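Participant: Sequence first, predicted coordinates after that:
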Amino acid sequence: MRTFLKGASSAILATAAAVTAVVSVSSIGQAAEFDGVTIEAKLIGGQQYEALYARIPEWEAATGAKVNIISKKNHFELDKEFKSDIAAGTTDWCVGSNHSSFASQYSALYTDLGDLVSKDTVAEFVQANIKAATFDGKLVMLPRAQFDVSALYYQKDLYEDAEKAAAFEDKYGYPLAVPETWAQVKDQAIFFADPPNFYGTQYAGKDEAIVGRYYEMVVAEGGKLFNDDFSPAFNSEEGKRALQWFVDLYDAGAVPAGTTNYLWDDLGNGFASGTIGLNLDWPGWAGFFNDPSASKVAGNVGVAPAPKGSAGVRTGWSGFHGFSVTEDCENKEAAASLVEFLTNEDSQKLESAAGPLPSRTAVWDYVSEQAKGDPYRSEVLAAFKETAATAFAVPPTPLWIETTNIIYPELQAAILGDKTVDEALADAQESVDELMQEEGVY
Amino acid sequence: MKRLKLPPWLVLLLPAIIILSAVVLIPLVFSLYSSFTSYRLTRPDSIFNWVGLFNYEKAVTDVKFWAAFGRTVLLLAVALNLEMLLGLGLALMVSKVTSGQRLLRTMMMFPMMFSPILVGFQFKFIFNDNVGLVNNALQSLGITDQAIPWLVDGNLAMFSIIFAEVWTATSVFGILILAGLYAIPRDPLEAAKVDGCTSLQSFRYVTLPFLMPFIYIAMAIRSLDVARAYDIVQIMTNGGPARRTELLWTLIGRTGYVDARMGYANAMGYISIFLAIFFTVYFFKKLTQSRRELGMGA
C-alpha cells in the first residue's frame, strides 16, 4: 500500500512537473515555437483582403516563424497557378487561399485540417461553412470572414416617388414596393429602365459568374442543376423559366447591352455610378455603395434579402474564402497555426468591420451588436443574415468550373438571341453530359 | 585509358544544342506526346493514360474548334491587310517630312511599346457600352442616343478587336516599309520622272515593287503574331459573348489552363500550328518571288 502511495504521489508530482513545464514552455516559449520556420503562402490579392495580411507580423512575432507571400492574385488566376503547380509537382509551399467554388478540384493538393486543428476550434465556425469545406471527410480549409451570398441592393428614392408608384400600379396591377420575388424584379426593372441613361437591373454575364446566377435561379424556380449522380438536370421546365428571366430583361433593354461582358467589378461600379436601379450583389460592396467619395448612390442605398423564385425559394448561391495547408508542406503544424490565426475571432472581427460577412458564430453575434446605432449597417446585416439562412454552395464536383465553361456560352447565346432558350439548354445539357461520361462520372 | 574526344564543332555547338533541347525540343516532344494522352493538369498521373488519336478526332469533329479556326483566319486576313495599307500610308507620309522626322519615327513606335495586356484593358474601357469613351463621345455629339454594345454585337466585337490589333501593330509595317523607302535607289525614280511618269505611276511601277520584299517580311512576322493572338482578345472579350470572338488561342488557353485538359488543348494546338506554318511559307514564297522580280535573289 505504502509503495503504491509512494508510487502514486511521485506520479502526481511528475505529472505536475510536466504540466508546469508544458505551461511554462507554452507561455514563455511561444516565441520559439516555430523559430526559424519560413511559411511560403499564395494568397488572394486585392485591397479588401490586405487589412488581414497586415496582422501577419503579429503571428510572426508570437511564433518566431516568417511568412513569405510568394504569389498574390485573384482566385481565377490562383486557380491556374495551382493547376500548373500540381502538374509540375511544385507544391511544397505551405498556405494557399482557397474558395468553396474551386476547392473540390484540389483534393490532392491540400491536407486534412481536421488532423491539425482542434475539434473545439472547428466547432466555433458556422457549421454549414465547415460542411461545404469538407470533401470526402477531409476538412480542406478554414473559412475566413469572407462569406459570400448576394442580397438585393436598390436605390431607395425609386420607391419614394408617388407619381411613379401610381404609374406602376396602373400598368402592373400591384403596388410598387421593394421586390420580394424575381417576377417583381423583372417587372420593376423593365418599368424603371430608360436606356442608355438608366437601367432597371444588371447581371454578371460571363464565366462562372453567370452560371452561378443561373444556378441559383434554377433552384429558386424549384429545379436543380445536377441529379444526384451529377448528370445534368437543368434542361427542364424550371431551367427554361430561369433562363427566360435573363433573356426577357435583355430583350426589353432593362439591363445594359454589355452586361454579357460584365463581371463583379463592372457590376459594382455600375451600381455605384447611379445608373442601375436594382442590383443583386455581394456583401463586400455594402460599404463602397454607401461611401460618398466612391459612390453616387451613397445615402440612397437600401438592402433587401434576395428575392424568391416561383417555387417560393430564395436565390442563395453562396461561397466563401478560406485558407488551406498543402500536403507537401514541410511544417504543417506551423502552417496550420497561421491558418488558425488568420481565421480566429480577432481576424474575423477585423475583416468583418469593413463589411464582409464572418464565418464564426461568435463573430456574427459581435457584428450584429456593433451595428446597433448604425441603421444602414443593421439593414445590410439583417438582409444578408436572412439570405444566408437558406443559402447553398455550388455542386460539389471537381468538374464544376469546367462545367460552367460549357454552360456559360450557351446562356449567352440565348440571351443575345443566337439560340432559343430550348436550343441553348439542350446543347449545354448534351455537352455537359458528354463531359461527365468522358470523365467517368457515371 | 583514352578520354572521349568530341570533334571541336560539336563541342562548340554543345551549349547551344543543350539549351535549345531544354527550352524548345523537350517541351515540344513532351507536348506532342501529351496530345495523345488524356493529360489533365490536376491529375498528373493521367499523363500515362494513352488515348491514341482520340483528342485529334475530337478536335477535328468539333464545330466550335473550326468556328474559332475560321475566325482566326478572318482576323488574320483583315488585320494584316489593314495594317499593311495604313502602315504604307504612314511610312509614305513620314518619308516626305523634312524636319523632325526622327521624332515622328519614335512617336510612331509608341503603340508597340505598350504591353498587349494594357492595350486590351485600354480598349476594353474605350469600347465599354455604359461608361466607355466612344459611346460617351457619340452620345455627347448627338450622333446616337443608344448605348452601342461594341464588345457584345457579333460584328462590332470583332471590329473592336481588329481595331485594337491594328492600333498596336500598324507601326510594325510603318517602320519596316519606311526602312524600305530609304533603301530605294534614286536612279529608277529619276528615270521614271524623265520618262514622264505621273507620281502615281512611279509609285505603282517603281516604288511599290521595291517595297514588296519589306512588306512580305512584315506580313510574315505579323501573321505569326496574329495567328497566336491571345492577350488583347482575352482581356477585351475572353472569346465571348456566346463565342462570338472566340479565337484559336483563347479556346486552347481556356481548355488547357482553366479546364485543365492539357492533352486535348495540345492536340488543338498542333492542328492550329499548321495555320501559322501555312502563312509563313506563303509569305516567304511571295518574298522570294518579289526579290526575284527585282533581280535581287535566285
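Facilitator: That came through, no problem. Quick caveat, the model's predicted, so the values are computed rather than measured.

Participant: residue contacts, residue B:212?
Facilitator: By CB atoms under 8 Å, 6 or more residues apart in numbering or on different chains, the residues touching residue B:212 are B:286, B:290, B:293, B:294. Just so you know, the C-beta spots here come from the backbone N, C-alpha and C atoms, and that holds for glycine as well.

Participant: The last one against residue B:207, yeah?
Facilitator: Which is residue B:294. No: when contacts are counted by CB atoms under 8 Å, residue B:294 is not listed as touching residue B:207 (12.0 Å).

Participant: quick one on the thing from earlier: highest neighbour count among the contacts of residue B:212?
Facilitator: residue B:290 (20 neighbours; other CB atoms under 10 Å in any protein chain shown).

Participant: In terms of helices and strands, where is that one?
Facilitator: helix B:262-293 (DSSP states H and E).

Participant: how long is stretch B:104-115 from one end to the other?
Facilitator: Across its full length, stretch B:104-115 reaches 21 Å end to end, with CA to CA, to the nearest Å as the criterion.

Participant: Same question for stretch A:257-266.
Facilitator: 13 Å.

Participant: State the number of residues packed around residue 104.
Facilitator: Chain wasn't specified; assuming chain A. Other residues within reach of residue A:104, judged by other CB under 10 Å, total 20.

Participant: Correction: the question concerned chain B.
Facilitator: Count around residue B:104 with other CB under 10 Å applied: 15.

Participant: Same question for residue B:28.
Facilitator: 12.

Participant: Quick one: mean pLDDT for the helix or strand that contains it?
Facilitator: In this structure, residue B:28 sits in helix B:26-34 according to DSSP H and E. Predicted confidence along helix B:26-34 averages 93 (mean pLDDT).

Participant: ok and that helix relative to helix B:262-293, angle-wise?
Facilitator: Using axes from the mean of the first three to the mean of the last three CA atoms, to 10 degrees, the direction of helix B:26-34 lies 120 degrees away from that of helix B:262-293.

Participant: Give me the contact list for helix B:26-34.
Facilitator: The contact list for helix B:26-34 (CB under 8 Å, 6+ apart) reads B:47, B:262, B:263, B:266, B:269, B:270.

Participant: which residues does the residue of the stretch 101-250 of chain A found nearest chain B contact?
Facilitator: Closest to chain B within the stretch 101-250 of chain A is residue A:196: 3.4 Å, counting by CB to the nearest CB. Under the criterion of CB under 8 Å, 6+ apart, the contact partners of residue A:196 comprise B:129, B:130, B:135, B:139, B:145, B:146, B:147.

Participant: Adding distance to residue A:53 and neighbour count, write those residues out as JSON lines.
Facilitator: Putting the contacts of residue A:196 into JSON lines (distance: CB to CB, whole Å; neighbours: other CB atoms under 10 Å in any protein chain shown) gives the following:
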{"residue": "B:129", "distance to residue A:53": "36", "neighbour count": "24"}
{"residue": "B:130", "distance to residue A:53": "33", "neighbour count": "24"}
{"residue": "B:135", "distance to residue A:53": "38", "neighbour count": "23"}
{"residue": "B:139", "distance to residue A:53": "42", "neighbour count": "16"}
{"residue": "B:145", "distance to residue A:53": "47", "neighbour count": "10"}
{"residue": "B:146", "distance to residue A:53": "45", "neighbour count": "14"}
{"residue": "B:147", "distance to residue A:53": "39", "neighbour count": "24"}
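
Participant: any chance of those residues in JSON lines, with distance to chain A, secondary structure and pLDDT too?
Facilitator: Putting these into JSON lines (distance: CB to the nearest CB, whole Å; DSSP: H, G, I helix; E, B strand; the rest coil; pLDDT from 0 to 100) gives the following:
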{"residue": "B:129", "distance to chain A": "4", "secondary structure": "coil", "pLDDT": "83"}
{"residue": "B:130", "distance to chain A": "5", "secondary structure": "coil", "pLDDT": "76"}
{"residue": "B:135", "distance to chain A": "7", "secondary structure": "helix", "pLDDT": "90"}
{"residue": "B:139", "distance to chain A": "7", "secondary structure": "helix", "pLDDT": "89"}
{"residue": "B:145", "distance to chain A": "7", "secondary structure": "coil", "pLDDT": "84"}
{"residue": "B:146", "distance to chain A": "6", "secondary structure": "coil", "pLDDT": "83"}
{"residue": "B:147", "distance to chain A": "3", "secondary structure": "coil", "pLDDT": "83"}
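
Participant: Looking at the residues you listed, which one is closest to residue A:151?
Facilitator: If you rank the contacts of residue A:196 by distance to residue A:151 using CB to CB, residue B:130 comes first, at 22.9 Å.

Participant: Now do the closest one against residue B:190, distance only.
Facilitator: From residue B:130 over to residue B:190 the distance is 58 Å, taken as CB to CB, to the nearest Å.

Participant: okay, stretch A:104-124 in CSV with CA atoms only?
Facilitator: Taking C-alpha atoms only, stretch A:104-124 is exported to CSV below (Å, rounded to 0.1, in the frame of the first residue of the first chain):
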residue,chain,number,x,y,z
SER,A,104,-13.2,20.4,-54.9
GLN,A,105,-10.6,20.4,-57.7
TYR,A,106,-7.6,20.4,-55.4
SER,A,107,-8.2,17.2,-53.5
ALA,A,108,-4.6,16.1,-53.9
LEU,A,109,-3.1,19.4,-53.2
TYR,A,110,-4.4,20.2,-49.7
THR,A,111,-4.1,18.3,-46.4
ASP,A,112,-6.9,17.5,-43.9
LEU,A,113,-7.0,20.3,-41.4
GLY,A,114,-9.1,18.0,-39.2
ASP,A,115,-5.9,16.4,-38.0
LEU,A,116,-4.1,19.7,-37.4
VAL,A,117,-6.8,21.9,-35.8
SER,A,118,-8.6,21.0,-32.6
LYS,A,119,-12.2,19.9,-32.8
ASP,A,120,-13.2,22.8,-30.4
THR,A,121,-11.8,25.3,-32.8
VAL,A,122,-13.6,23.8,-35.8
ALA,A,123,-16.9,23.8,-33.7
GLU,A,124,-16.6,27.6,-33.4
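
Participant: Now do the buried residues in it.
Facilitator: For stretch A:104-124, the buried set under the neighbour-count rule, 16 or more other CB atoms under 10 Å in any protein chain shown, comprises A:104-106, A:109-113, A:116-117, A:121-122, A:124.

Participant: just checking, which of these belong to helices?
Facilitator: Among the buried residues of stretch A:104-124, the members falling in helices are A:121, A:122 (criterion: DSSP state H).

Participant: What about chain B: which of the buried residues of stretch A:104-124 touch it?
Facilitator: Restricting the buried residues of stretch A:104-124 to those adjacent to chain B (criterion: CB under 8 Å from any CB of the partner chain) gives A:105, A:106.

Participant: now the buried residues of stretch A:104-124 in CSV, with pLDDT?
Facilitator: Compiled in CSV, the buried residues of stretch A:104-124 are given as follows (pLDDT from 0 to 100):
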residue, pLDDT
A:104, 87
A:105, 86
A:106, 87
A:109, 92
A:110, 94
A:111, 95
A:112, 95
A:113, 95
A:116, 94
A:117, 94
A:121, 94
A:122, 94
A:124, 94
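
Participant: Count the neighbours of residue B:199 for me.
Facilitator: Using other CB under 10 Å, residue B:199 has 11 neighbouring residues.

Participant: Which phi and psi values does residue A:317 adopt?
Facilitator: phi -60, psi 120 (degrees, to the nearest 10).

Participant: so what's it bridging to?
Facilitator: Under DSSP bridges, the beta-bridge partners of residue A:317 are residue A:392.

Participant: gap between it and residue A:399?
Facilitator: As defined by CB to CB, residue A:317 lies at a distance of 17 Å from residue A:399.

Participant: With neighbour numbers in mind, choose between those two.
Facilitator: More neighbours surround residue A:317 than the other of residue A:317 and residue A:399, with 24 against 20 (other CB under 10 Å).

Participant: Surely that one touches residue A:400?
Facilitator: No: Residue A:317 sits out of contact with residue A:400 when judged by CB under 8 Å, with a separation of 11.8 Å.

Participant: shared neighbours of these two, anything?
Facilitator: A shared contact of residue A:317 and residue A:400, defined by CB under 8 Å, 6+ apart, is any residue touching both; here these are residue A:394.
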